[in-house]
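Visitor: Sequence and computational prediction follow.
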Amino acid sequence: MTAPSPTTTPRSGGCLCGLVTFTVAGEPDFPHACSCLHCQRLSGGPVMSWVSFPLAGLIWSGGGEPSWYYTWPDSRRGFCPACGSQVCALDDGADSIAVTLSALGNSPDLVPVTQSFRETAVPWLRQVPDTSRPTDPTAPATPHDRRPMSLSDSTDHHDIAHQDSPRTALPGTAR
Ligand SMILES: [Zn+2]
Ligand SMILES: [Zn+2]
């Protein structure tokens, strides 16, 4: 018998009230924080934190799927209709799903490697240092912060790549 890899062991998550629960399996991809305006408004906080898993490994284990709200024409957020917890983000046609680290209980092995949309981050909270590879052209876009090219009425800064430079790190504050 071979023990399952700790990175591929199914993980359980859910909302605050327990109505929406899920398991995800497979390799976690690109854990990161995001301070885009959608994440801030939806969460009621300055950042949300995300990690992606293969969509094929997702199981809604409780009362079915969450409620959905489209934040872009082809990208939606999933949330609990009872308690309002934000649990996931999903692009139409995608083969992966982003779930919030908070829905997963902030598993200690999932540490954000960068922060997306630093330009809209609040000035009073330290940002996540960029430990990803900013020049890697294969770095994945994630469902919740990808940028539709056709949204002409956007007034924010979603055309800025989420792997921007770690220019906002303050001297002496690197962790
Ligand atoms: Zn709930
Ligand atoms: Zn975001």
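Guide: Good, I have the coordinates. Ligands and ions are numbered 1, 2, ... in the order given.

Visitor: CA atoms for contacts and neighbours, from now on please.
Guide: Fine.

Visitor: show me where the protein has helices.
Guide: 37-43 (DSSP state H).

Visitor: List of residues touching stretch 52-69?
Guide: 18-31, 76-81, 94-99, 142 (C-alpha atoms under 8 Å, 6 or more residues apart in numbering).

Visitor: what about 6 Å?
Guide: Contact with stretch 52-69 is made by 19-25, 28-29, 76-81, 95-98, as judged by C-alpha atoms under 6 Å, 6 or more residues apart in numbering.

Visitor: same check, this time on stretch 118-125
Guide: By C-alpha under 6 Å, 6+ apart, stretch 118-125 touches S35.

Visitor: related to what we said a few turns ago, would you mind checking the contacts of stretch 52-69 for buried ones?
Guide: Buried subset of the contacts of stretch 52-69 (neighbour count, 16 or more other C-alpha atoms under 10 Å): 19-25, 28-29, 76-80, 96-98.

Visitor: Skipping adjacent residues, who's closest to the residue most central in space within the chain in space?
Guide: Most central in the chain under C-alpha atoms, centre = their mean is W50, positioned 2.4 Å from the mean C-alpha point. Nearest residue to W50, sequence neighbours excluded (C-alpha to C-alpha, 6 or more residues apart in numbering): T100, at 4.5 Å.

Visitor: what about that neighbour, how many residues close to it?
Guide: By other C-alpha atoms under 10 Å, 23 other residues sit near T100.

Visitor: same deal with the one 5 residues further on?
Guide: The criterion is other C-alpha under 10 Å. On that basis, G105 has 13 neighbouring residues.

Visitor: repeat for the one 10 residues further on
Guide: Other residues within reach of Q115, judged by other C-alpha under 10 Å, total 27.

Visitor: Run through the residues that contact it.
Guide: Residues near Q115 by C-alpha under 6 Å, 6+ apart: H32, A33, C34, V128.

Visitor: hey, what's the first one bridged with?
Guide: Note on H32: beta-bridge partners W50, judged by DSSP bridges.

Visitor: That one contacts V111, doesn't it?
Guide: No: the criterion here is C-alpha atoms under 6 Å, and H32 misses it with V111 at 7.3 Å.

Visitor: Of these two, which one has the most company?
Guide: H32 (24 against 17).

Visitor: For the more buried one, give its distance to G18.
Guide: Separation of H32 from G18 (C-alpha to C-alpha, to the nearest Å) stands at 24 Å.
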